[in-house]
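S.K.: could you look at this predicted model? Sequence included:
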Amino acid sequence: MPELPEVEVFRQIFNSSALNQKVAKVDVLDDGILENISSRAFEIRMKNATFQATHRHGKYLFVELDTEETLMIHFGMTGYLEYYKDGEEEPEYSRIVFNLNNGYNLYYVCPRKLGRVSLVEDEADFIEENKLGPDTYSDEFKWEDFREIMKGKRGSIKTTLMNQQLLAGIGNVYSDEILFHSNIYPFTEVNELNEEELRTIFEKMKMVFEQAIKAEVKEEKFPKNFLLLKRSEGEECPICGGMIKREKYSGRSSYYCEAHQKKK
DNA sequence: AATATTGTTCAGCA
DNA sequence: GTGCTGAACAATAT
C-alpha cells in the first residue's frame, strides 16, 4: 500500500543506498511497467546516468539524474524497492534491475504490475500535466490551502481526501486513519463539516504522516492507537474500545470505529 | 473456488 | 463542470 508515508520511506532508503551511484546497466524485465518509453530507449538513456537527488510528490518518487532527465517512479498498489549486493538472489517479481557501478543492484519490484516508471524532462511539468494537487506533507502546505481546497466540495470527506488532483498522497488506508483520529465518519459530506472539524482533519493528517514516517511504516513501530493495526471487522477500537466496522465503497473497504466516528 | 486487496483511469450517468 | 459507481488493469493470499 504505497501511499505518501511508504513512498517517503522508500525515498529515504534510496538516499542512504543508491544516491550518488552511477548506473552501469539497466535490465527491464517487464516493459508493461514503462510509460511513454520503450525498454530499449529506457536502457540506453539510463546507462551511465548518476542518481543526483530525490524528491517526492504525493505517491510519486522522482530521481534527478545528471543527464537532463528525471526518473519517475510510481509504486501502484504493491511496488517497492530493494537494494542488494550483486550476486545475491534477485527478488521475486523484480521488473526493473539497475546494476550500479558500486557492485550493488537496485530492484524495482512490483508483483501486481500496477506501478509505472518513466523518464520525464521536468518534475514540475509532470505534476502539472497530471494535474496533481499539492503534496499534503510538504511544509509549504498550510491550513489555509487545505481550507480553500475543501471549499464548495460536495462529495464525502473520504473520497475528497483521496482525490490526487485535489491533494496528493492520501490513499485508502491513510484516509481511514486520518478520519479515525479526527472522530469523523468517513462518508460525511464535506459541506456538512464546520471549520473546526476541517481544521482537526488537517492537523491529524500532518500527525498521522509524521508518525507513520517516524515508524518507518513498520507495523511494530506504529503508535498502538493506530487504526491500521486493526483493519478488520469486529476488532476493538484502540482509542475508545468501540467496535471497528467495515463498509464497502466503490470496491474499496473503509474501516472506522462505530462508537467514536458517528454519522451526522 | 470465491473473494479481498491495493492505486489509477475511464466510461457512463445524475 | 462535479461527483458517484463500477470496471479494468495484475497477481496473490486466504
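M.R.: Right, received. Where do you want to start?
S.K.: only C-alpha atoms from now on, for both contacts and neighbour counts.
M.R.: Will do.
S.K.: what residues does chain A put near DNA strand C?
M.R.: For chain A, the residues in contact with DNA strand C (Cα under 7 Å from any atom of the strand) are A:111-114, A:152-156, A:159-160, A:189, A:249-251.
S.K.: of these, which is the nearest to DNA strand C?
M.R.: Nearest to DNA strand C out of those is residue A:155 (Cα to the nearest atom of the strand; 2.6 Å).
S.K.: show me the contacts for that closest one.
M.R.: A:189, A:190 (Cα atoms under 8 Å, 6 or more residues apart in numbering).
S.K.: where does pLDDT dip in the stretch 1-150 of chain A?
M.R.: Applying pLDDT under 70 to the stretch 1-150 of chain A flags residues A:1.
S.K.: need the strands for it, in chain order.
M.R.: A:23-28, A:51-57, A:60-65, A:70-74, A:80-85, A:94-100, A:104-109, A:116-120 (DSSP state E, counting those that start in this stretch).
S.K.: can I get the ones you listed in a markdown table including mean neighbour count and distance to residue A:143?
M.R.: Formatted as a markdown table, the strands of the stretch 1-150 of chain A follow (neighbours: other Cα atoms under 10 Å; distance: least, Cα to Cα, whole Å):
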| stretch | mean neighbour count | distance to residue A:143 |
| --- | --- | --- |
| strand A:23-28 | 19 | 41 |
| strand A:51-57 | 19 | 18 |
| strand A:60-65 | 22 | 23 |
| strand A:70-74 | 22 | 27 |
| strand A:80-85 | 17 | 31 |
| strand A:94-100 | 21 | 39 |
| strand A:104-109 | 22 | 35 |
| strand A:116-120 | 20 | 31 |
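S.K.: okay, these in CSV with distance to DNA strand B next?
M.R.: Shown next, in CSV, are these (distance: least, Cα to the nearest atom of the strand, whole Å):
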stretch, distance to DNA strand B
strand A:23-28, 20
strand A:51-57, 10
strand A:60-65, 7
strand A:70-74, 7
strand A:80-85, 12
strand A:94-100, 16
strand A:104-109, 14
strand A:116-120, 9
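S.K.: for residue A:147, find the nearest of those.
M.R.: Smallest distance to residue A:147 across those (Cα to Cα): 20.0 Å, for strand A:51-57.
S.K.: for that closest one, output the C-alpha coordinates as CSV.
M.R.: Extracted in CSV, the C-alpha atoms of strand A:51-57 (Å, rounded to 0.1, in the frame of the first residue of the first chain):
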residue,chain,number,x,y,z
PHE,A,51,21.4,9.5,-9.3
GLN,A,52,21.8,13.0,-8.1
ALA,A,53,18.8,13.9,-5.9
THR,A,54,15.4,12.6,-4.9
HIS,A,55,12.1,14.3,-4.4
ARG,A,56,8.6,13.1,-3.5
HIS,A,57,5.3,14.5,-4.5
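S.K.: and the stretch 101-250 of chain A, which residues reach DNA strand B?
M.R.: A:112, A:114, A:130, A:162, A:164, A:169, A:171, A:172, A:173, A:248.
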